[in-house]
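Engineer: 3D model of this:
(chains A, B and C)
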Amino acid sequence: MTNGWTDVANADVVLVMGGNPAENHPVGFRFVMEAKRVRKAKLVTIDPRFNRTAAVSDIYVPIRAGTDIAFLGGLIHYAITHDLYQHEYVKLHTNASFLIREGFSFEDGFFSGWDENKKAYDKSSWNYELDAAGYAKVDPAMEHPRSVFQLMKHHYSRYTPEMVASICGCSAADFEKAAAIICSTGKPDRQGTVLYALGWTQHSHSVQLIHTAAMLQLMLGNIGMPGGGVNAQRGHSNIQGATDMGAWNMLPGYLRLPRANQQTLADYLKETTPRALRPDSMNYWSNTPKFVVSLLKAYYGDKATKQNNFAYDFLPKLGEADNYSWGYLFDHMYAGQIEGMISFGMNPVANGPNTPKMLAALSKLKWLIVAECFETETASFWKARELAEKYYSTALDSSGINTEVFLLPAACFAEKDGAFVNSSRWAQWKNVAVEPPGQAWRDQDIIARLFLKIRELYEKEGGKAPEPLLNMAWTWQNPASPSLSEVSREINGRDAAGKQLASFAALADDGSTACGNWVYTGSFTEAGNMMARRGQEDPTGLGLYPNWAWNWPANRRILYNRASADATGKPWDASRAPLRWTGTNWTGDVADYKADAAPGDFGAFIMLPEGVAKLYASDFVEGPFPEHYEPVESPVENILHPKVSSNPLAKIFRTDRDPIGSAAEFPYIGTTYRLTEHFHYWTKNIAGTSELQPHFFVEVPEALAKTKNIRSGDMVRVRSARGAVEGRAMVTKRMRGLQVSGKTVYQIGLPIHWGFIGRVTGPLVNNLSPSVVDPNSGTPEYKGFLVNIEKI
Amino acid sequence: MFVTDRSAMNEPRVSRFSVAERVIHWLVALSFLYVALTGLAIWSPRLYWLAAVFGGGFTVRAWHPWAGLLFVVFFTAMFRNWRRQMRLDRDDRRWLRLSHRYAVHDFAGLPEAGRFNAGQKSLFWMQAIFGLLLIASGIVIWWPAVMPRLLREIAVLIHPTAAVISIGGIILHIYMGTAAVPGSFRGMIQGWVTPGWAASHHPKWYREHVGSTGTTRSPSR
Amino acid sequence: MIEAFIKAISATPGKPAGVSRRTDTVAKMIDTTTCIGCKACEVACQEWNNQQVTFGNFEGTYQTMPDLAHNFWNLIKFNETESEIGTPLWLMSKYQCMHCVDPGCLKACPAPGAIVQYTNGIVDFNHDACIGCGYCMTGCPFDVPKMNPATNKVHKCTLCTDRVSVGLEPACIKACPTNCLSFGTREDLIRKAEDRVSTLQSDGFRNAGIYNPPGVGGTHVVYVLAHADQPEAYGLPKDPHIPWTVALWKGPLKWIGNVLLIGGILGTFFHYVRYGPQRDE
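Structural biologist: Reported below is the predicted structural model:
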């Protein structure tokens, strides 16, 4: 979240799209209800299903799964044509005035630079036009035909309400009704927030989708504002923390993992440290060397010296084509390229797409270690055929699987301390509630012992490239059981004297500081564990609660908060000003700016080389402006450009277990989602939650059910090109046929949560979903794929 | 029967009720007494002490419906035995119209009673009808979780109403069978009455059986 | 903290001792317009009351089970309907004991002390005194009390009288994430509900209103409904009354019956005194 849960109460309009917070974030949703009750905020829900959030919404508009970019693009178009965007904000705080090089174009579904052979873009034509000093040229009037604003206006001119209606399947009137409310927040004194979740992130064009939302919010002047922002609701208690600590292509703190061509630290830093694109850009990422060197010092301690480039060579490097995100990982595994897997706190058989492929991939491993508090489908993948023959008749049965599986009993969340980082980016420390039962160990104990044993084996027996392991700093008081406070202190960082750092501003690139994750510097200072704070003071009255836990970065509650004021530092909305410029410094929230820099000194978006927010962003692989592409499996063609129907860069895996279905055989749209009653694939092990929703079911629109002679409670089978699920039909008025380019399209709702192991069992809905991922994030397309349904 | 075994008590005896009739009557009576007393405990908090006598409220509530079922079984047996003899004829109807005279011991002009007088017959039919109402409403009350609300709402009214009337009838019956008409009780306990009793209270019956047969066979049929 | 004395006891004639003091009454307010059907109240109720878990059948709805159960006292009803203009409506409302001011269960109960109404308004069952007759199930116009077939005891929401009596709010209130549920004195909550209704009315919900049915003297669970003209759409009875048969049975009929029975006994006695036995002729 750019803002935070408590801040949602400041909104005048809450747009919920690609999420269902009433269902999946009921506790955070209290702030939506507070906004409604206290501020009379309007709640607008756009979703394929009339869901729990829709039930308390002021406006609900149905939409076809996977067409959100069309809807949001339509909103941008609406804001421009109805002149509802916030002119001053757009001019001051975005790159709308930047000029793009000659040669940039968009035609027939492709941006300029498409290389049909490589199936990729040469992005050079997407760059800014630079002046002699290397800064981007701007036209403050935003009238230059190659200004971002004019290009954007042109790009979205196709997204008329009628076009939105025929793509999304809603009515143009409903769209305009919602648009009028959403775009009413383009006024400086009205703020609108956007709440989204996996309904946006799980598409083959998901990153661009969120880009569109950011564009809309920037156009409406809602970024950096209390009650505004683009707010991702995280689906697990600590998924935000997990993301912050690194992913397949990221080191902790959003530092890029080195690539094979970056053989020296200098090469790496040169390529990863951005250069300012405007004279007034603070370009905070220019500090990248400090973050990287401090991280290497945390990893390798005294072994990281100036002489050895701070042990940069010990870091793994990604080959040019390497990708270790989810879909690729299991694809490699299916190809037999992976020997073993350690799975902590996740259940890939259940939560990965295309379960049959997942099972086949795991059976190619030599060994699999699963550390879990319950037996999971992953730990027992070899039982799948035995337990669910009807879905996995082509899977190997246990006699044919040679994978050696170790299920290590692990402690659950209440049996560990440490911090959870929630959607608001609050790192909240928690204590151990109960000791782990029986033989269960805490994760850190398991990992530490694995580390010590492996290091011992390398020491004794040698091996290929043992240096990263042998030189790792392992300085915990109890090497076999590091305390999480100790780990947190290292994440925060310390100086040469061993003193805890108070701020990442103190990080240095000379090896004098060590820091495990620069965005967490300040979380565990000399004053103690900031994450354990529980102060309920709210000096601004905006629900920022600066003394409650600790908010990365720098305890800042609202990101980009400098954008809440104009060029002179005057807040756009005096009633909701997170920052005030006193003439010498900024007060209120922790400024997302230099605390004592005058309003005109820098651009408001200090992390970006532009110094302003990007409406136009060439960072993504499929284009600088988001474009509506159909899901890879779609019942209709893209009416904007039928030849380039789906995202040309969507990664579609092509093994014998990755079939793609056709609309002729699978005419309906399947979409998966969670229910309030359950948490992921865990709570099917728990009696109390299973009581509330014991049975897997399939939500079927009433009209479709009628044609198929399906009544509520009937057993139905839903099939996709990958597999099938069977369950009871829930025939509902809450899902309806949508008119999409003159054709009635039905969607079928498929809640997750069940599996072949647990207190209550049912089919894994990912039997149906495709191995198709977003090219930027690697997230699978769980929302919107083709299925058929029959009564059984 | 009729009559005339002087051996034991040295007085003439008229056999009134067979052993089977008496056993059934008393099974009906005892089960009725149980359901009535336990029912009264539930009927009024002021009579809840009766529940203690019969083992506490929970036990009483649990056994009352089963006892009610027993009552129905016994009553059915009694009903099968007596239903023909209980038919009201023209004399009975006239008797009923003049029953206020009977109540004040003004027997002149009253039609003669057969084996059962019209009062007894009326009681019989009344108990049969109210028994039916009681069992029907009782079953509804017994299974509140499965019975429809409307039936339950009607049943909670019918059951106590029928019970009160039924108990009222039985109070009268007990009075008549004991204090009011001496000799009757023995008829139901020991099975015989004196010829004088028979002739006074059930002259038609006495005459028919003694007069016609002079034997000592049972007059009950 | 609101002190609680006994205000009324089932099947017990006369006034309970110690009621001369007037105390505030407690209530729950359910603002259905902010209910998201998250079932946190259901879980809190189950956990606090340590209920035995049962897995029901699939009923084609999000609702946990079709009706309250002896081991499930707090149920969110999911009512799927349509507005006048044909858009879907999904009305959710928490259902539980209403803690009537004039409780039909207590009226119908024949077991002295099995049902108690406290001066704070809470109607509670005392299972030691309960005889398992189920009359309360018929007396209740909301169909709330449910019998455990294994024990023949009847159960329902206690309004967490155990928590309330030590100054805590009921478990469901504690768990509610959206402030749809509030707890306080009945007077305050009715005022709060009125405020909320006027807000809703000004927001265009012309039929918004309070559900506090007068047929049972009002309730200690008060609802705010956006469509108060049709409480049935929320699974609430339109105009609940204690069934007239129950009222008749526990009221006039009882006196008429008592008079009849006592009159019968006395009547026969005095008949004997006056007329004596019938003599054989």
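Engineer: in chain B, what residue is nearest chain A?
Structural biologist: In chain B, the residue that lies nearest chain A is B:A145 (20.1 Å; CB to the nearest CB). (Glycine included, C-beta is placed from N, CA and C.)
Engineer: contacting residues for that residue?
Structural biologist: C:G134, C:M137, C:K146, C:M147, C:P149 (CB atoms under 8 Å, 6 or more residues apart in numbering or on different chains).
Engineer: contacts (any at all) between chain B and stretch C:129-148?
Structural biologist: Yes - applying CB under 8 Å from any CB of the partner chain, one finds stretch C:129-148 touching chain B at C:A129, C:C130, C:I131, C:G132, C:C133, C:G134, C:Y135, C:M137, C:T138, C:D143, C:K146, C:M147.
Engineer: most neighbours among these, which one?
Structural biologist: Of all the residues of stretch C:129-148 next to chain B, C:Y135 has the most neighbours under the rule other CB atoms under 10 Å in any protein chain shown, reaching 31 neighbours.
Engineer: re earlier: what helix or strand does the residue of chain B closest to chain A sit in?
Structural biologist: If you go by DSSP states H and E, B:A145 is not part of any helix or strand.
Engineer: check contacts around C:I36.
Structural biologist: The contact partners of C:I36, by CB under 8 Å, 6+ apart, come to A:22-23, A:26, A:29, A:33, A:52-53, A:55-56, A:676, C:92, C:177-178, C:180.
Engineer: please narrow the residues you listed to those residing in helices.
Structural biologist: A:A22, A:E23, A:M33, A:R52, A:T53, A:A55 (DSSP state H).
Engineer: so for B:G211, what's the pLDDT?
Structural biologist: B:G211 is assigned 58 on the pLDDT scale.
Engineer: that older thread, tabulate the contacts of C:I36 (CSV), appending distance to chain B and pLDDT.
Structural biologist: Below are the contacts of C:I36 laid out as CSV (distance: CB to the nearest CB, whole Å; pLDDT from 0 to 100):
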residue, distance to chain B, pLDDT
A:A22, 34, 96
A:E23, 33, 95
A:P26, 33, 95
A:F29, 37, 96
A:M33, 36, 94
A:R52, 31, 96
A:T53, 36, 97
A:A55, 29, 95
A:V56, 32, 95
A:T676, 29, 95
C:M92, 24, 93
C:P177, 33, 94
C:T178, 33, 92
C:C180, 29, 94
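Engineer: now these: which count as buried?
Structural biologist: A:22-23, A:26, A:29, A:33, A:52-53, A:55-56, A:676, C:92, C:177-178, C:180 (16 or more other CB atoms under 10 Å in any protein chain shown).
Engineer: circling back: report the two of the ones in helices among the contacts of C:I36 separated the most.
Structural biologist: Spatially, the most separated pair among those is A:E23 and A:M33, at 13.9 Å (CB to CB).
Engineer: re the thing from before, just the ones of the residues of stretch C:129-148 next to chain B in helices?
Structural biologist: When DSSP H is applied, these are split such that C:Y135, C:M137, C:T138 fall in helices.
Engineer: ok, the residues you listed vs C:D31, which is closest?
Structural biologist: Nearest member of these to C:D31, counting by CB to CB, is C:M137, at 28.6 Å.
Engineer: is it true that that closest one touches C:K153?
Structural biologist: No - judged on CB atoms under 8 Å, C:M137 makes no contact with C:K153 at a distance of 12.0 Å.
Engineer: need the overlap of contacts for these two.
Structural biologist: Shared contacts of C:M137 and C:K153, counting by CB under 8 Å, 6+ apart, come down to C:M147.
Engineer: which residue ranges of chain C form helices?
Structural biologist: Assigned helices in chain C, in chain order: C:40-48, C:104-108, C:135-139, C:161-164, C:171-175, C:186-202, C:244-250, C:252-275 (criterion: DSSP H).
Engineer: so which of those comes closest to A:Y78?
Structural biologist: Using CB to CB, the nearest of these to A:Y78 is helix C:186-202, at 27.9 Å.
Engineer: and the contacts of the closest one?
Structural biologist: By CB under 8 Å, 6+ apart, helix C:186-202 touches A:37, A:40, C:24-29, C:31, C:33, C:121, C:182-184, C:208-210, C:212, C:220, C:222-224, C:226, C:228.
Engineer: for A:G661, which non-adjacent residue is closest in space?
Structural biologist: A:A721 (3.5 Å; CB to CB, 6 or more residues apart in numbering or on different chains).
Engineer: now swap in C:A11 and tell me
Structural biologist: Nearest to C:A11 is B:P45, by CB to CB, 6+ apart, at 4.0 Å.
Engineer: the one you found is in contact with C:G14, isn't it?
Structural biologist: No - with contact taken as CB under 8 Å, B:P45 and C:G14 are classed as non-touching, separated by 9.8 Å.
Engineer: reformat the ones in helices among the residues of stretch C:129-148 next to chain B as TSV; add distance to chain A and pLDDT.
Structural biologist: Formatted as TSV, these follow (distance: CB to the nearest CB, whole Å; pLDDT from 0 to 100):
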residue	distance to chain A	pLDDT
C:Y135	29	95
C:M137	23	96
C:T138	28	95
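Engineer: around B:R149, how many other residues sit close by?
Structural biologist: 14.
Engineer: if we can go back for a sec, of the contacts of helix C:186-202, grab the buried ones for ChimeraX.
Structural biologist: Buried residues among the contacts of helix C:186-202 (16+ other CB under 10 Å), as a ChimeraX selection:
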select /A:37 /C:25,26,27,28,29,31,33,121,182,183,184,208,209,210,212,220,222,223,224,226,228
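Engineer: domains of the chain?
Structural biologist: If you meant another chain, say so; for now it's chain A. Residue ranges for the domains of chain A, per automatic domain parsing: A:6-235, A:642-791.
Engineer: hm, I was asking about chain B
Structural biologist: Residue ranges for each domain of chain B read B:1-16+B:191-221, B:20-182, as given by automatic domain parsing.
Engineer: in terms of mean pLDDT, which of those ranks lowest?
Structural biologist: Here the lowest mean pLDDT among the domains of chain B goes to domain B:1-16+B:191-221, at a mean of 69.
Engineer: follow-up on the earlier one: can I get the helices of chain C in a markdown table with distance to B:L110?
Structural biologist: Formatted as a markdown table, those follow (distance: least, CB to CB, whole Å):
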| stretch | distance to B:L110 |
| --- | --- |
| helix C:40-48 | 70 |
| helix C:104-108 | 46 |
| helix C:135-139 | 45 |
| helix C:161-164 | 65 |
| helix C:171-175 | 72 |
| helix C:186-202 | 67 |
| helix C:244-250 | 39 |
| helix C:252-275 | 15 |
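Engineer: what about the nearest residue to C:P243 once chain neighbours are set aside, is that helix, strand or coil?
Structural biologist: Nearest non-adjacent residue to C:P243, counting by CB to CB, 6+ apart: B:E153, 4.3 Å away. Classification of B:E153 using DSSP: H, G, I helix; E, B strand; the rest coil returns helix.
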